[in-house]
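>>> sequence and computational prediction follow.
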Amino acid sequence: MPTLPSYSNALDVALSVVHNVSTTEKVTLDVSDNRFLAVDIVADRDFPPYNRSQMDGYAVVASEIEEGVSMQVLNHVSAGSTFSGERQPNTCVAIATGAPIPPCFDSVVQHELTDGGNDMVTFHCADIQKGKAIHFQGVDAKAGDVLVNKFTKMSPQHIGIAASVGQQEIEVVSMPRVIVITSGDEVVAPNEQPLPHQIRNGNNPMISSAFRSMGCQVVESIHVPDDPQRTNDLIAQVLDGRSDLVVTIGGISAGKRDFFPDAFDKAGVDIVVKGVKIQPGKPVIVGKHSGASVLGLPGNPVSALACSCIFGWPIVRALQGMPVDLPWQKAPLASAVKPNPRRRAFRPCSLVDGMVRVPQWQGSGDLVHTATTHGLVQLPPSEIELHEGDIVSCLAFPWL
């Protein structure tokens, strides 16, 4: 039996046959959630654009403030208004949070340190530092600064930033088209009542959702029974250019009813990865066809979930023309974990209080144990148990 490649080697080979298929398009902000920026968002002016008050209080000259001093209140400056009058010594203006600081004042004293006077105010503080409670012009960003980087996945805060620089539309990466295919006679639709020997199809909606979270458009979700001719016909049909990536789930191992590998071969798919030294997901397949890239995921749900992240996600990023490196991060284990002695393991995990927690599982068919997890932890092959505090690599799910 040939030696299976490592995860890193298999991924390198897989990505070598995947090419950018995306273009760019403009969308309005109200439909830009979870889209990927095609260009940087740049500041059109300083942020903030003026010196503004950080709290309700009184704009003063700091050197004039001492315990018990009283001052005339020249005006009241609210957010959206200005004060352009002349300042006399030992005078101030009442000012609201967010209002522009008149240039003749250099600090703000909050209401709580005064008697709250209207025409005259008495200060109950001393040693006020110049610049107190002022949010200075340009301290957040200067005009021309990049505020949100190209390829960022748009979230509410990014939409807010785009709006604040006057962008009603933004340029985003177009969405790769994906077809998701499940297989198996034992699988029925989620809305059907399964027989005792059947299961509902959770894989198709799960994996379709995963690829949508990566920035894809799932153009078709299909289920095919364990029939070689129907499988052959279906694979030939979906490789006609209607999608950029065909994802199959199940039917890729060496069983008598695993028909996808033969269907790929008959359709002219060039298989570059067939099996990887990992757990779960050992049978994973990656191939290239003139009509689309092909990713064959194992049928067990945790295997399908894990491989959609560690193979599907970088493949999608390559299709989008984006950097393919995944955001792995280092963190300590919260408790001891037994790795696989021969294969690199990718286990669902949660990251809580900076610690990686790996729940118990019953194998790659146990999807229930993933309910409270946040991503995957990468455990190197070892005969030795990993201990609490050992540093491991973890990856947040792309939908988080």
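Yes, it's here. Numbers count the residues shown, from 1 in each chain.

>>> where do the helices sit along the stretch 301-400 of the chain?
Assigned by DSSP state H, counting those that start in this stretch, the helices in the stretch 301-400 of the chain fall at 301-307, 313-319.

>>> and for the stretch 151-300 of the chain?
Residue ranges of the helices in the stretch 151-300 of the chain, as given by DSSP H, counting those that start in this stretch, are 156-164, 203-213, 228-238, 260-267.

>>> relative to Val324, which of these is closest?
helix 203-213 (15.6 Å; Cβ to Cβ). Every C-beta, even on glycine, is put in place using the N, C-alpha and C of the backbone.

>>> who touches stretch 64-76?
Residues outside stretch 64-76 that contact it (Cβ atoms under 8 Å, 6 or more residues apart in numbering) are 58, 60, 83, 85, 87-96, 107, 109, 117-126, 128.

>>> name the residues of stretch 233-252 that are buried.
In terms of neighbour count (16 or more other Cβ atoms under 10 Å), stretch 233-252 has its buried residues at 234-235, 238-239, 243-252.

>>> tabulate those residues (JSON lines), appending pLDDT and distance to Thr152.
Putting the buried residues of stretch 233-252 into JSON lines (pLDDT from 0 to 100; distance: Cβ to Cβ, whole Å) gives the following:
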{"residue": "Leu234", "pLDDT": "98", "distance to Thr152": "37"}
{"residue": "Ile235", "pLDDT": "98", "distance to Thr152": "35"}
{"residue": "Val238", "pLDDT": "97", "distance to Thr152": "31"}
{"residue": "Leu239", "pLDDT": "97", "distance to Thr152": "32"}
{"residue": "Ser243", "pLDDT": "97", "distance to Thr152": "26"}
{"residue": "Asp244", "pLDDT": "98", "distance to Thr152": "22"}
{"residue": "Leu245", "pLDDT": "98", "distance to Thr152": "22"}
{"residue": "Val246", "pLDDT": "98", "distance to Thr152": "28"}
{"residue": "Val247", "pLDDT": "98", "distance to Thr152": "25"}
{"residue": "Thr248", "pLDDT": "98", "distance to Thr152": "31"}
{"residue": "Ile249", "pLDDT": "98", "distance to Thr152": "30"}
{"residue": "Gly250", "pLDDT": "96", "distance to Thr152": "34"}
{"residue": "Gly251", "pLDDT": "96", "distance to Thr152": "37"}
{"residue": "Ile252", "pLDDT": "96", "distance to Thr152": "34"}
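
>>> ok, now which ones touch the spatially closest residue to Val324 that is not a sequence neighbour?
Take Val324 and drop its neighbours on the chain: the residue closest to it by Cβ to Cβ, 6 or more residues apart in numbering is Pro314, 4.4 Å away. Counting by Cβ under 8 Å, 6+ apart, Pro314 touches Leu11, Ala14, Leu15, Val324, Asp325, Leu326.

>>> looks to me like the first one is in a helix.
Yes. According to DSSP: H, G, I helix; E, B strand; the rest coil, Leu11 belongs to a helix.

>>> hang on, it packs against Gly312?
No. Under the criterion of Cβ atoms under 8 Å, Leu11 lies out of contact with Gly312, with a separation of 11.0 Å.

>>> tally up the residues packed near His387, please.
If you count neighbours by other Cβ atoms under 10 Å, His387 ends up with 11.

>>> OK, contacts around it?
Leu333, Ala336.

>>> ok, Ala304 next?
Each residue near Ala304 by Cβ under 8 Å, 6+ apart is listed here: Asn203, Met206, Ile207, Ile249, Gly250, Leu297, Pro298.

>>> show me the contacts for Ala189.
Ala189 is in contact with Arg200, Asn201, His223, counting by Cβ under 8 Å, 6+ apart.

>>> give me the pLDDT for the first one.
Read it as Arg200. The pLDDT attached to Arg200 in the predicted structure is 97.

>>> distance of the nearest residue to Ile310 once chain neighbours are set aside from Leu305?
For Ile310, the nearest residue in space outside its immediate sequence neighbours is Phe346; the separation is 5.9 Å by Cβ to Cβ, 6+ apart. Between Phe346 and Leu305 the distance, using Cβ to Cβ, to the nearest Å, works out to 10 Å.

>>> how about Arg35?
As it turns out, when the distance is counted by Cβ to Cβ, Arg35 lies 23 Å from Leu305.

>>> list the contacts of Lys274.
Pro261, Pro283, Ile285.

>>> ok, so of the residues you listed, who is nearest Lys150?
The shortest approach to Lys150 among these belongs to Ile285, at 32.1 Å (Cβ to Cβ).

>>> and Arg35 and Leu305? Which one has more around it.
Between Arg35 and Leu305, counted using other Cβ under 10 Å, Leu305 has the larger neighbour count: 27 against 21.

>>> my read: that one touches Ala371, true?
No. Distance between Leu305 and Ala371: 11.7 Å, which falls outside the contact criterion (Cβ under 8 Å).

>>> and Leu367, what is it in contact with?
With contacts defined as Cβ under 8 Å, 6+ apart, Leu367 is in contact with Gly202, Met206, Pro301, Val302, Leu305.

>>> 10 Å instead?
If a contact means Cβ atoms under 10 Å, 6 or more residues apart in numbering, then Leu367 has Gly202, Asn203, Met206, Asn300, Pro301, Val302, Ala304, Leu305, Pro348, Trp361 as its contacts.

>>> thought Asp30 was touching Gln168?
Yes. A contact is recorded between Asp30 and Gln168 when judged using Cβ atoms under 10 Å, the distance being 9.4 Å.

>>> rewinding a little: for ChimeraX, what selects the buried ones among the contacts of Pro314?
What follows is the ChimeraX syntax for the buried subset of the contacts of Pro314, where burial is set by 16+ other Cβ under 10 Å:
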select :11,14,15,324,326
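
>>> among the contacts of Pro314, which one lies nearest to Arg342?
The shortest approach to Arg342 among the contacts of Pro314 belongs to Leu11, at 18.9 Å (Cβ to Cβ).

>>> that closest one contacts Pro5, correct?
Yes. Contact criterion Cβ under 10 Å: Leu11 and Pro5 qualify, at 9.1 Å.

>>> shared neighbours, those two?
With contacts defined as Cβ under 10 Å, 6+ apart, the residues shared by Leu11 and Pro5 are Val273, Val276.
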